[in-house]
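*Asks:* Sequence first, predicted coordinates after that:
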Amino acid sequence: MEYEAVIGLETHVQLKTKSKMWCGCANAFGAAPNSNVCPVCLGMPGVLPVANGEALKLTVLTGYLLNCSIPSHAKFDRKNYFYPDVAKNYQVTQYDKPSTANGYVEFEFEGGISRVRITRAHLEEDVGKNIHFDRFSGVDFNRAGVPLLEIVSEPDLTSPEQAYEYLNALKDILLYGGVSDCDMEKGMVRCDVNVSVRPKGQKELGKKIEIKNMNSFSGARRALEYEIPRQIETLTNGGQLFQETRRWDDVAGITEVMRSKEMAHDYRYFPEPDLMPFEPTEPWLAEVSGRVVELPLAKKQRFMTDYQLPAGDAQSFVWDRPLGEYFEALAKRSKNPKTVANWVINNLRAKMTEANETLVSEQAAMGIEPEDQQKFSFSDLKFKPEGILELVGLVESGKISSKIAQDVFVEMFQSGESPEIIVQKKGLAQVSDTGAIEKFCDDAIAANPNSAADFRAGKVAALNFLKGQVMKLSKGKANPNLIGEMLEKKLKE
């Protein structure tokens, strides 16, 4: 029997707020254990929560970015369970009335566009972090109470690779929207996987198994690559699968049973009595919708359509948002956006990377810690953006060759002078005088009679060698189009 996988993902994302969800403690990574805490996030008796307004806005903003509907009425609930990292013995979350529902994410996959439905994106609080030592364990409650968004997908995914691409697309959307920094090394994004298998063609879902403890998207992919064959093998051999929670052992590359899967009634949900229901007003929603940004996929498609860029160039500008904004500001004023894109990607980005490495190295030598170091940015560029347009114009008009333009760009980057001034000062203007070029061609043919004979014998490649010799004689200034025409004419006479 042939089986197929059915995958749904629960992605937990820490929101980009300055303070925690219910109190004024800092939402900051890296502080000394239990230093960003207060009676509220430590669950002391008698304390009362106050909702973080920015967290509510970021939740609804996420709903807009994920094409969700925004209900007029949402509420918070208590999810009761006991773990050492939950100081109150319950977690404040949203159960049956979330702030967003029924959306979707679209992303590129296997040459097409995949769509995964979003069940809900609900707001809750994060828990503390267990730290295990040789003979005892401790809990750091700095993370407890940090606003956390749980984005639940429908079981629309069918393969580990598709799940991986979905997670990356979701991360890009959240980064673009300014919802979260999505730093996985700091635990800002975590993922739980729900996976089952069923005979191909069967509509009924198999036993859902949840996998936890994945701290990277590649880890989620690897866990699925292990778990799906494990389930299929169990059924093929006549075994049974049970609804359960398993943990992913990234070192061993296997999943292991943690516990039987809890049901909703096990958590004894009930409405949070200390928090009013959330009912957003029209002016409030209008303010949040004003923060909606163009999504990465839409931006890539627009760049390809509006500026005739190949997919690779457009994707480069999506991944590097400041670079894309810099390019678009120039592209809107250029008759040849593709050429501008080449200069921005191949030349400007390379020089900026080089300058940043130098700057970082200098700061490190001064003893400045990495988190305090300045990065080289567009505001540090010495030349005006118009310089690139001017440089493209000089090449297109034939005033300088593309080879000379490379040298001009380096000088422009270092000095900040305009390309036109650099060309004038250094006498780099392209030679288009037919008399001068004819002399260079005669000298090249005379110095390389074998290559001339090869071309006359039908070896076309010999012409390129002779062109190179003419360029050497002219120190790169001769017009390459005129060189080719004149060499062919002379060699055929």
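*Replies:* It's in. These figures come from a predicted structure and were not determined experimentally. Numbering: from 1, shown residues only.

*Asks:* residues in contact with the residue lying closest to Trp248 once chain neighbours are set aside?
*Replies:* Leaving aside its sequence neighbours, Trp248 sits nearest to Ala223 (CB to CB, 6 or more residues apart in numbering; 4.3 Å). Every C-beta, even on glycine, is put in place using the N, C-alpha and C of the backbone. Counting by CB atoms under 8 Å, 6 or more residues apart in numbering, Ala223 makes contact with Val193, Ile211, Met214, Trp248, Thr255.

*Asks:* Same list (the residues you listed) but as JSON lines, adding neighbour count, distance to Met276 and secondary structure.
*Replies:* Below are those laid out as JSON lines (neighbours: other CB atoms under 10 Å; distance: CB to CB, whole Å; DSSP: H, G, I helix; E, B strand; the rest coil):
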{"residue": "Val193", "neighbour count": "27", "distance to Met276": "35", "secondary structure": "strand"}
{"residue": "Ile211", "neighbour count": "24", "distance to Met276": "36", "secondary structure": "strand"}
{"residue": "Met214", "neighbour count": "23", "distance to Met276": "35", "secondary structure": "strand"}
{"residue": "Trp248", "neighbour count": "23", "distance to Met276": "39", "secondary structure": "strand"}
{"residue": "Thr255", "neighbour count": "23", "distance to Met276": "41", "secondary structure": "strand"}
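
*Asks:* Quick one: list the elements packing against the lowest-mean-pLDDT helix or strand in the chain.
*Replies:* Least confident helix or strand of the chain, by mean pLDDT, DSSP states H and E, is helix 480-492 with a mean of 81. Helix 480-492 sits against helix 434-447, helix 449-456, helix 461-473, with contacts defined as 3 or more CB pairs under 8 Å, 6 or more residues apart in numbering; DSSP states H and E.

*Asks:* for the ones you listed, which one sits closest to Lys375?
*Replies:* Each of the helices and strands packed on helix 480-492 has some distance to Lys375 by CB to CB; the shortest is helix 461-473, at 38.5 Å.

*Asks:* what's that closest one packed up against?
*Replies:* helix 434-447, helix 449-456, helix 480-492.

*Asks:* Flag the shaky bits of the stretch 1-150 of the chain, pLDDT-wise.
*Replies:* For the stretch 1-150 of the chain, no stretch has pLDDT under 70.

*Asks:* And the helices in it, which stretches?
*Replies:* In the stretch 1-150 of the chain, the segments counted as helices under DSSP state H, counting those that start in this stretch are 53-65.

*Asks:* burial of Trp22, as a residue count?
*Replies:* When neighbours are defined as other CB atoms under 10 Å, Trp22 has 24 of them.

*Asks:* need the contact list for Ala28.
*Replies:* Here Ala28 is in contact with Asn36, Asn142 (CB under 8 Å, 6+ apart).

*Asks:* could you redo the last one with a cut-off of 7 Å?
*Replies:* By CB atoms under 7 Å, 6 or more residues apart in numbering, the contact list for Ala28 reads Asn36.

*Asks:* ditto for Ala55
*Replies:* Taking CB under 7 Å, 6+ apart as the criterion, Ala55 is in contact with Leu15, Thr17, Met21, Leu123, Pro147.

*Asks:* how does this structure divide into domains?
*Replies:* When the chain is parsed with automatic domain parsing, its domains come out as 3-288, 434-492.

*Asks:* Now render those domains as TSV, adding distance to Ser379.
*Replies:* Formatted as TSV, those follow (distance: least, CB to CB, whole Å):
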stretch	distance to Ser379
domain 3-288	20
domain 434-492	33
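
*Asks:* Around the residue nearest to Leu148 when sequence neighbours are not counted, how many other residues sit close by?
*Replies:* In space, not counting the residues next to it along the chain, Leu148 is nearest to Asp126; the distance is 4.3 Å by CB to CB, 6+ apart. Neighbour count for Asp126, taken as other CB under 10 Å: 24.

*Asks:* re earlier: Leu275 is nearest to which of the helices and strands packed on helix 480-492?
*Replies:* Here helix 461-473 is closest among these (CB to CB), at 74.6 Å.

*Asks:* Just give me how far that closest one sits from the chain centre.
*Replies:* Using CA atoms, centre = their mean, to the nearest Å, the mean C-alpha position of helix 461-473 is found 44 Å from that of the whole chain.

*Asks:* Show me which positions of the least confident helix or strand of the chain end up buried.
*Replies:* By neighbour count on 16 or more other CB atoms under 10 Å, the buried set for helix 480-492 is Pro480, Leu482, Ile483, Gly484, Met486, Leu487, Leu491.

*Asks:* hang on, the earlier thing: of the contacts of Ala55, which belong to strands?
*Replies:* Leu123, Pro147 (DSSP state E).

*Asks:* between the contacts of Ala55, which is nearest Ala461?
*Replies:* Closest approach to Ala461 among these (CB to CB): Leu15, at 61.0 Å.

*Asks:* Please name the nearest non-neighbouring residue to the closest one.
*Replies:* What sits nearest to Leu15 in space, not counting adjacent residues and going by CB to CB, 6+ apart, is Pro147, at 4.2 Å.

*Asks:* show me what contacts the residue most central in space within the chain?
*Replies:* Geometric centre of the chain, nearest residue: Asp172, 4.2 Å, by CA atoms, centre = their mean. Contact analysis of Asp172 by CB under 7 Å, 6+ apart lists Pro296.

*Asks:* Also Thr59?
*Replies:* Contact analysis of Thr59 by CB under 7 Å, 6+ apart lists Ser99, Thr100, Ala121, Leu123, Leu149.

*Asks:* In JSON lines, list the residues you listed along with neighbour count and distance to Pro33.
*Replies:* Below are those laid out as JSON lines (neighbours: other CB atoms under 10 Å; distance: CB to CB, whole Å):
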{"residue": "Ser99", "neighbour count": "24", "distance to Pro33": "31"}
{"residue": "Thr100", "neighbour count": "28", "distance to Pro33": "33"}
{"residue": "Ala121", "neighbour count": "26", "distance to Pro33": "30"}
{"residue": "Leu123", "neighbour count": "27", "distance to Pro33": "26"}
{"residue": "Leu149", "neighbour count": "23", "distance to Pro33": "25"}
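
*Asks:* Tabulate the residues you listed in JSON lines, adding columns for distance to Ile113.
*Replies:* Converted to JSON lines, those look like this (distance: CB to CB, whole Å):
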{"residue": "Ser99", "distance to Ile113": "27"}
{"residue": "Thr100", "distance to Ile113": "22"}
{"residue": "Ala121", "distance to Ile113": "21"}
{"residue": "Leu123", "distance to Ile113": "29"}
{"residue": "Leu149", "distance to Ile113": "24"}
